[in-house]
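**Q** A structural model of the following input is requested.
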Amino acid sequence: MSGSGALINKEVLISLVVCTLGRTTPLERLFESLFTQEHKNFEVIVVDQNRDNRLDPLFEEERWSFPLRRQRTTGEKGLSRGRNTG
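**A** Purely as a prediction, here's the structure:
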């Protein structure tokens, strides 16, 4: 191992589950940061707990170079519930 930390196996797919309620700008900033990552073998699963369509523009754009999935919830909200959904 090198001194820069643990090595990541390029064949391992990393699934990042993000739960969101009432946020758009922080989510867009996260996507922009992920877009610049060297490791590209990941997917982003967004659990959208918003009642409105505020996130639609982020999912309509083709600019992200990673798989992006959106799971909408209609029931009770909460971080743990969102993670379980994701």
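**Q** CA only for contacts and neighbour counts going forward, please
**A** OK.
**Q** quick one, phi psi at Glu43?
**A** In terms of degrees, to the nearest 10, the main-chain angles of Glu43 are phi -130, psi 160.
**Q** same thing with Glu60?
**A** The phi/psi pair for Glu60 (degrees, to the nearest 10) is phi -80, psi -20.
**Q** so it versus Glu11, what's the distance?
**A** As judged by C-alpha to C-alpha, to the nearest Å, Glu60 and Glu11 stand 28 Å apart.
**Q** also Leu30?
**A** The gap separating Leu30 from Glu11 is 23 Å, by C-alpha to C-alpha.
**Q** who's more crowded, the two?
**A** The neighbour comparison of Leu30 against Glu11 (other C-alpha atoms under 10 Å) goes to Leu30, with 12 against 8.
**Q** let's test this: mean pLDDT of whatever helix or strand that one lives in, rounded?
**A** Applying DSSP states H and E as the criterion places Leu30 in helix 25-35. The average pLDDT within helix 25-35 is 94.
**Q** same question for stretch 61-69.
**A** Computed over stretch 61-69, the mean pLDDT rounds to 85.
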